[in-house]
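> Mind looking at a prediction? Sequence and model below.
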Amino acid sequence: MNRLDRSPSNYLQQHAHQPIHWNEWSSELLERAAAEGKWLLVSIGYATCHWCHVMAHEVFDDPEVAEILNSRWISIKVDREVRPDLDQAYMAASLAMTGQGGWPLNAICLPDGRPVWIATYLPKDRFVAALRQLETVRAQHSLEAADYAEQVRQALNPPERTIAPLERPSDGALREAMAQTWDDSWGGFRGAPKFPLPATWSAVLRWSRLNSWPEGVHHVNRTVSCLLRSGTYDLLRGGLCRYSTDGAWVLPHFEKMLYDSAQFASLCAELGTDESLTALGETLEFMERDLLRPDGLFAAALDADHPDGEGRHATWTHQELEACLGSDAPAWFDVLSRESRLHDGAWVIATGSDAQPHPHSLPGFSKLRAAALHRPLPATDRTCVISWNALAVRAFADGAQRSGRTEDRERLQRLAAAHRAAFADGSVHAHYPDGRVNGPAFLDDVVYSVHMALRCGQVLLDPEWIDVAVEWFERSRASFERDGAVYFAPEGVDSPAFADILHWDDDVLPNSLSLWAECALILGHIRQRMDWVDWATQWVQRGLQVAWGQPSRHASWVALAELVSADRVHWLIQPKQALGPRPIPPSPLWGPLELPQSTFAQCCSMSACLATVGSADEWDGGPNPFRVGFHASTEEDAGTGRAT
C-alpha cells in the first residue's frame, strides 16, 4: 500500500494517491529491504519541480509501472526539502556516475541505500526498460553490483587526507583565474543552463571592493543589470526564477525558490546602485506578498506549472498584451521581438541587455504590472525550510539597513521573532502550515540562522540578537563536529545517508562551511573568544587550499581570506556607549553601518583594538568607518590596514 498519505510533506502528498506502494525513508524500511533481499527505488524531488510533475503523470501514475515496482522493488519517495542530506548524497553520486544531476532524481540501490544506477527524468518506456535490465543485473551480477556500489560510496567518503597547500596567487593571476569563465556580454558565467548564483557574486563584489578591482565590481553590476531586464527576473511581479535555459537569461525555468529571491535581494542591497535598490524593493515586496505565510514564516517556492502549460502564469500572448496595453502595445512588441522569445505561443517578458532602456521606462509598464498582479498565483509549496527562511529574514535586514525606515526595522523585528520561535532551540528543519515540524536541523539550518541573527543585531542595534547568534553557533559546533570531523547531518538523524556530503565550493545556496567560518570570526571578535577566531582562521586556511586552484568556484573563501590576514582591521560598534579606549565589550555589534548612528565604535585588528570613534556625523569628508568600503588612510585614523 501507499504510505505517504500521513506525511506533512507537500511533495509526498502529491504522490500519495498513486498505485505505487511508496514509503518514506526510514531505518525500519532499510531493515525490511535487507530481510527480503529487495533492491530499492529511491526517487527524490520537491513540490514545485516541473519535471517531477511530468514524470509523476507519465510514469508513476501508470498501473503497469506500479505492478513492476510493487512486485520486485521497495519504492521510497524523498522530499529534498525535508531530507537535504539524502538529496546531497544521491546528487553527488549522480554527478560521479553520470556527470549529470537534477530532479526528479531516481536511484536504484542496494538494500542499505548504496546506489548502483541513477537517472533523472525518463519517459515510461525508457524507465521500464531500465527496470527490466536492472532486474537482470540483480539476478545475475549482484556481487559485481555490490562492488560497484561500494566503489561509489568510497569515492564519496574519501579518507581524511592532507591537502597540499597552494601558494596564494598574485593579485593579477587571481583576478585572471576568477574571471576566466565570466560572460562579458550577459553577466554571470558562460554557458547554459545558467544559474543566477547570488552568493557567488556577493563574494566577488566584496573581494573586488576590498582589493580595489573595478572590473570585478563592474561584472557584478553587469550581471545584476542584465538579470533585471531578462525573463529570469520577473519584471512584473518581482522575484527571481531558478535558472535560465539559455545563456542570455531570456527563457527561464519558471519556478521561484525562496532562497534565490532572498539571496538576490541581499546582493542588490550590497551592490547599492539605483537600479539594484529598486530591484531590492521589488523583490522584498514579492517575497512578502506572494510567499509570506500568516504565521510570519516564508513558503518555500512557487510552482512553474499552470493548467495551460509551463510558465503560462508569467507569459503573455499577443492578444493579451494588446488588450492590456492598448496603444502602448506596439512599443512592447518592438522590444520583445528583438530581445525576447515566444514560449508555447506566448511572450516571455524580457527587454534585453543593460544596453537597452530600462523596462520601467516603456510606455504602459504600470498597466502591465497591475494586470500581472491580478493573475492568480501558481501552486505554492507552503513548507517553511528553516535555512531558506533565515536567508529571507537576512534579506529584509539588508533592506532595512539600506532604507533606514522605522517601519522596515519593525517588519524585520516581526520576521526575525517568527524565525526564532519556529527554530526553537535550534533543532527544527522544516515547519509546516498546520504547525507540525520536522527535525533535526542540518548544518545549513543552523549556520544560516546564526548569520541571520548577526545581521539582525547589526541592523536593529540590539545585543540580544548577538546572544541568540552565540547560542546557535555553540549548538552548531556541538551538533556537527564529532570525533575531529565535521558533518552536514546531525548524529540523531533517522537512517543517515550512505555519504555525508560537505560542499567546499559555492553553489545556488551559500557555502555553509565558509559562512560558518565567517560567523565564528565575527562572534570571536565580539565575545573575545580568540579560540573561535583561531577555529575560523583554520577553516579559512583549509578552504583556501581548495580555492586557490579554482577561485571562481570558491569566491566565498577568497573573500574570507582578506578578513584573516594579519594587517586587516575591522570595526566593532555598540550603541549608546561613551567614547574612549577599552577592551571589546561583551555585547558590541559588528559594523559597518550604512547610515549615521549614535554609536560607540572600535577599530580592531585580529588581536587588539586600535582606535575609537563616535558617529558618522563627526566627520566632514573625513574617514567614515560606517561606510562600506572605507579604507583607513593613516595610523592615527585606524592603525594599519583597511577597515571592513
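Here it is on my side, so go on. Numbers count the residues shown, from 1 in each chain.
> Measure how buried the closest residue to L197 other than its chain neighbours is and give me the count.
In this structure, L197 finds its nearest non-sequential neighbour in V508, 6.5 Å apart by Cβ to Cβ, 6 or more residues apart in numbering. For every residue, glycine as well, the C-beta is placed using N, CA and C. The number of residues packed near V508 is 16, by other Cβ atoms under 10 Å.
> With Q13 instead?
Q13 - counted by other Cβ under 10 Å - has 15 other residues nearby.
> and if you look at R338?
The number of residues near R338, taken as other Cβ under 10 Å, comes to 10.
> Any idea how far whatever helix or strand it lives in is from the middle of the chain?
Following DSSP states H and E, one finds R338 within helix 329-339. Here helix 329-339 is found 34 Å from its chain centre; the criterion is Cα atoms, centre = their mean, to the nearest Å.
> Would you mind stating the distance between the most centrally placed residue in the chain and R529?
Residue closest to the average C-alpha location in the chain (Cα atoms, centre = their mean): L509, at 2.5 Å. Separation of L509 from R529 (Cβ to Cβ, to the nearest Å) stands at 27 Å.
> can you check G231 too?
47 Å.
> and the two? which has more neighbours close in?
G231 (29 against 15).
> Enumerate every residue touching that one.
Applying Cβ atoms under 8 Å, 6 or more residues apart in numbering, we find G231 in contact with 241, 244, 249-252, 340, 348-350.
> Which of the residues you listed fall within strands?
The strands, defined by DSSP state E, take in 244, 252, 348 from the contacts of G231.
> dump the residue contacts of the second one.
Shown here is P252, whose contacts under the criterion Cβ under 8 Å, 6+ apart are 230-232, 241-245, 311, 348.
> same deal with the last one?
When contacts are counted by Cβ under 8 Å, 6+ apart, V348 touches 231, 250-252, 311, 314-315, 340-342.
> Centre of the chain to stretch 182-196, how far?
18 Å.
> now do stretch 40-51
For stretch 40-51, the distance to the chain centre is 19 Å (Cα atoms, centre = their mean).
> Just the endpoints, please. Distance across that stretch?
21 Å (Cα to Cα, to the nearest Å).
> pLDDT of that stretch, averaged?
Averaged over stretch 40-51, pLDDT sits at 96.
> Setting aside sequence neighbours, what's the nearest residue to the residue nearest to the centre of the chain?
In space, L509 is closest to Y259, 5.9 Å off (Cβ to Cβ, 6+ apart).
> now that neighbour, what's its secondary structure?
Following DSSP: H, G, I helix; E, B strand; the rest coil, Y259 is assigned to helix.
> wait, what's in contact with it?
Counted by Cβ under 8 Å, 6+ apart, Y259 has contacts 387-388, 391, 508-509.
> Compile those residues into CSV and extend it with columns for distance to F264.
Formatted as CSV, the contacts of Y259 follow (distance: Cβ to Cβ, whole Å):
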residue, distance to F264
S387, 16
W388, 13
L391, 10
V508, 11
L509, 13
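> burial count for D328?
16.
> So it sits against V335, correct?
No. Under the criterion of Cβ atoms under 8 Å, D328 makes no contact with V335, lying 11.3 Å away.
> follow-up on the earlier one: from the contacts of V348, list the buried ones, please.
231, 250-252, 311, 314-315, 340 (16 or more other Cβ atoms under 10 Å).
> which of those lies closest to P214?
Taking Cβ to Cβ as the measure, V250 is the one of the buried ones among the contacts of V348 closest to P214, at 28.1 Å.
> these two touch, right, that closest one and T351?
No. The pair V250 / T351 is not scored as a contact, 10.1 Å apart, by Cβ under 8 Å.
> what touches both of these two?
Common neighbours of V250 and T351 (Cβ under 8 Å, 6+ apart) are 339-340.
> Flag the shaky bits of the stretch 451-600 of the chain, pLDDT-wise.
Where the stretch 451-600 of the chain drops to pLDDT under 70, the residues are 566-600.
> What segments of it are helices?
Using DSSP state H, counting those that start in this stretch, the helices of the stretch 451-600 of the chain run over 463-480, 512-526, 530-547, 555-561.
> Out of these, flag the one nearest R175.
helix 555-561 (10.5 Å).
> residues in contact with the closest one?
168, 174, 178, 199-200, 203-204, 206-207, 210, 504, 506, 510-511, 514-515, 517-518, 521, 540, 543-544, 546-547, 551.
> which residues of the stretch 251-400 of the chain fall in strands?
Counting by DSSP state E, counting those that start in this stretch, the stretch 251-400 of the chain has strands at residues 252-253, 256-257, 301-302, 315-316, 342-343, 346-348, 380-381, 384-385.
> partner strands of the longest one, parallel or antiparallel?
Strand 346-348 has the following sheet partners, assigned by DSSP bridges: strand 315-316 (antiparallel), strand 342-343 (antiparallel).
> Mind telling me which of the ones you listed the model trusts least?
If those are sorted by mean pLDDT, strand 342-343 sits at the bottom with a mean of 93.
> List of residues touching it?
251, 310-311, 315, 348.
> show me where pLDDT drops low in the stretch 251-400 of the chain?
354-356.
> For stretch 278-291, list every residue counted as buried.
279-284, 286-287, 290-291.
> Also stretch 396-408?
Applying 16+ other Cβ under 10 Å to stretch 396-408 flags 396-403, 408 as buried.
> L460: which of the buried residues of stretch 278-291 is nearest?
L284 (16.6 Å).
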